[in-house]
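Engineer: Turn this into a model:
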Amino acid sequence: MIVESSVVVPVPPEVAFAVSQTTGETRLRWDPFIRRQAFLDDATAPAKGVRTLTRHRSGLRMVSEYVSYQPPTNVGMKMVEGPWFFAVMAGGWRFTALPDGGTKAVWRYSFTCRPRWLAPLAERVGRVVLKRDIDRRIAGFARGCADPAVLAAVGG
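Structural biologist: Numbers count the residues shown, from 1 in each chain. Below you'll find the predicted structure:
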């Protein structure tokens, strides 16, 4: 299953990408998806191979790994550990420059559920729930791209 959402923000890709990768209090200003997020294994910044621990606002926990990190155009992650009902969970965020100086951000998540016998129903429900989450999350990202405190934190 794939869910996708997009938004146009009035900042260049470098700034949009930087906002998407904020952490700590800055991240919590715009990202309604998470309650807490931290780098693992002594990492201090995002990069390919870096793992993160994310606690969803519902309390669910997921360890993800960056599978690509190419500022300012894209970032991709895959679930390493997570909720029992996901067999696979991955996401990719792309940032494309627009002629007016803004950026189109496209966020796509793909997932499959388990157990296999329940997957057809679980994936239909999951598509609705994740679509709602990704829409809220990208709307929060757009607000972050207009938030003076967030922009100051990324130097934008």
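Engineer: Longest helix of this protein, counting residues only.
Structural biologist: helix 119-144 (DSSP state H).
Engineer: so what does that helix touch, helix or strand wise?
Structural biologist: strand 2-9, helix 13-20, helix 24-30, strand 103-113 (3 or more CB pairs under 8 Å, 6 or more residues apart in numbering; DSSP states H and E). In this view, the C-beta of every residue, glycine as well, is placed from N, C-alpha and C.
Engineer: Dump the last one to CSV, restricted to CA.
Structural biologist: Taking only C-alpha atoms (Å, rounded to 0.1, in the frame of the first residue of the first chain), the coordinates of strand 103-113 have been written out as CSV:
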residue,chain,number,x,y,z
THR,A,103,9.4,24.1,-3.2
LYS,A,104,7.1,21.3,-3.9
ALA,A,105,7.3,18.6,-1.1
VAL,A,106,6.0,15.1,-1.9
TRP,A,107,5.9,12.6,1.0
ARG,A,108,5.2,9.0,0.3
TYR,A,109,4.9,6.1,2.7
SER,A,110,4.6,2.5,1.7
PHE,A,111,3.6,-0.3,4.0
THR,A,112,2.4,-3.9,4.2
CYS,A,113,0.6,-5.4,7.2
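Engineer: Now do it, average pLDDT.
Structural biologist: Averaged across strand 103-113, pLDDT comes to 97.
Engineer: go on, the third one?
Structural biologist: The pLDDT scores in helix 24-30 average 94.
Engineer: Show me what that helix is in contact with.
Structural biologist: Applying CB atoms under 8 Å, 6 or more residues apart in numbering, the external contacts of helix 24-30 come out as 19, 22, 34, 37, 140-141, 143-144, 147, 149-150, 153-154.
Engineer: top of these by neighbour count?
Structural biologist: Within these, neighbour counts (other CB atoms under 10 Å) peak at V19, which reaches 30 neighbours.
Engineer: and it, how far is that from L151?
Structural biologist: Per CB to CB, to the nearest Å, V19 is found 8 Å from L151.
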